[in-house]
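*Asks:* got a sequence here, can you build the structure:
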Amino acid sequence: MERLSIGRVIVNWALLLVSCAFFLGAIWYLQRKPDTGKKRGPARVFRFNVRTAPIERGTLVHTIVVAGDVKARRTTTRTEIDGTVAELHFRDGAEVVKGALLVKLADRDQRLNVERLRAIYSQAVAALKRAQTNLLTAADEYRRLSKLKVGRTVTESDLVRARYQKMAAENTVSEMKAALRLRHVELRIAEKDLALTEIRAPSSGRISGLSVEINDLLTKNQKVLEIVSTRVLDVELYVSVSHIPSIRPRMEVSLRPTTPPGAPFIRSRITRIHAGLDQTTRNQRLVVTLDGWPNHLVPEIPVEARLSLATHRNVLLVQQDALTRLGADWVVFVVRGGKAIRVPVTIVARDQQRVEVTGKLTAGERVVVVGNEALFPFAPVLDVDRKPPARPGSARRPATGTLPERARR
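*Replies:* Residues are numbered from 1 along each chain as shown. Alright, predicted model coming up:
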């Protein structure tokens, strides 16, 4: 048995050696076989297929794109006095105009108070007139006695008495005037309280959030309803603090909703700039007021806005697709001598398609805009949109003869 197994191993090794020898011989034969076809040309060099665009020198309008929200202008109506709801003239969703009567509070006490104070005011007016009449009589008596000769027709005491009576009448008139002014103020306050029993619309719009019913007891400063303006929309934009020095009220702005895509822009102007930062985004808030409700702008939808901050002239411009991130920096690949040269750049400003950059670039050079993600410094590239230069001696000899003759050749 041991001799049988040893013989089998020897046979296996012999077969393995024969197979290896045959494989190596085949490789040697293929390498030694002479070429029978046409003469081979030079080996082709691999190149990255890219698309390029020229570096331009021109004018760029520095434009920023910011986000925002559409806000409905809401006015909250509150009570200014305590009272009970007596009348409701509108319901939720109703359209109202400015000054329309919305809610009427019970006003019996206020009316009685106004009537009482009007009566008191009338009495004060009558008392003042009587005092003024007494003053005129006392003044006339004093002037008459002053013209008479003292000692014969009038005594000194009569003259002094007439003077004091005149002075007393003057003081009475002054007191009556002060009392009349006081009564007038009290009457005005009562009339104002009576007017406050009528809650009127502070602006035109649609009623929302009505929270009272008839016979409800209301306290001062209690919310009654909201009026949503149907004529004015406020758009709040959130802008980085670094751009605020370049922004001012009345600056033009273009707005459009983010949905649906491709909505047209609406041109408007910045109405005001909030003093404080937004607590959520920590950005500065700008407000753009729009008259009317455009068809594709409704409250509580996001919008994008474009602001043109400055105009830069005679600057180097590249397309946005030419920029590539390298860590925290930006680079572009410039095609020089068929190779991609990586050039660091600094972004100064941008618009919708172009970017103003500074760096070791020259106007007229071409930068890679498609295919730059896979490039590395000095990578060989081929611009698929530009025909490569013809090699010397590679021009084809013009064909001669007829078509059948050329086919036979």
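*Asks:* any idea where the helices of the stretch 101-250 of the chain begin and end?
*Replies:* Assigned by DSSP state H, counting those that start in this stretch, the stretch 101-250 of the chain shows helices spanning 108-147, 156-195.
*Asks:* reformat these as CSV; add mean pLDDT, distance to E213 and mean neighbour count.
*Replies:* Just so you know, the C-beta spots here come from the backbone N, C-alpha and C atoms, and that holds for glycine as well. Shown next, in CSV, are the helices of the stretch 101-250 of the chain (pLDDT from 0 to 100; distance: least, C-beta to C-beta, whole Å; neighbours: other C-beta atoms under 10 Å):
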stretch, mean pLDDT, distance to E213, mean neighbour count
helix 108-147, 92, 20, 15
helix 156-195, 92, 23, 15
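*Asks:* distance to A363 for those helices - can I get that in CSV?
*Replies:* Shown next, in CSV, are those (distance: least, C-beta to C-beta, whole Å):
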stretch, distance to A363
helix 108-147, 81
helix 156-195, 73
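*Asks:* so for T230, which of these sits nearest?
*Replies:* Among these, the nearest to T230 by C-beta to C-beta is helix 156-195 (26.8 Å).
*Asks:* if we can go back for a sec, for R248, which of the helices of the stretch 101-250 of the chain is the nearest?
*Replies:* helix 156-195 (41.6 Å).
*Asks:* that closest one to helix 108-147, inter-axis angle?
*Replies:* 160 degrees (axes from the mean of the first three to the mean of the last three C-alpha atoms, to 10 degrees).
*Asks:* report all helices and strands that helix 156-195 contacts.
*Replies:* Contacts defined by 3 or more C-beta pairs under 8 Å, 6 or more residues apart in numbering; DSSP states H and E place helix 156-195 against helix 108-147.
*Asks:* what helices or strands is the helix it packs on leaning on?
*Replies:* Counting by 3+ C-beta pairs under 8 Å, 6+ apart, helix 108-147 packs on helix 156-195.
*Asks:* for E373, which of the helices of the stretch 101-250 of the chain is the nearest?
*Replies:* Per C-beta to C-beta, nearest to E373 of these: helix 156-195, 72.5 Å.
*Asks:* rewinding a little: mind checking which of the helices of the stretch 101-250 of the chain is nearest G25?
*Replies:* For the helices of the stretch 101-250 of the chain, proximity to G25 was assessed by C-beta to C-beta; helix 156-195 is nearest, at 117.9 Å.
*Asks:* what residue is smack in the middle of this structure?
*Replies:* Centroid-nearest residue in the chain, with C-alpha atoms, centre = their mean: L237, separated by 1.6 Å.
*Asks:* how about it, what does it touch?
*Replies:* 66-68, 253, 285-288, 305 (C-beta atoms under 8 Å, 6 or more residues apart in numbering).
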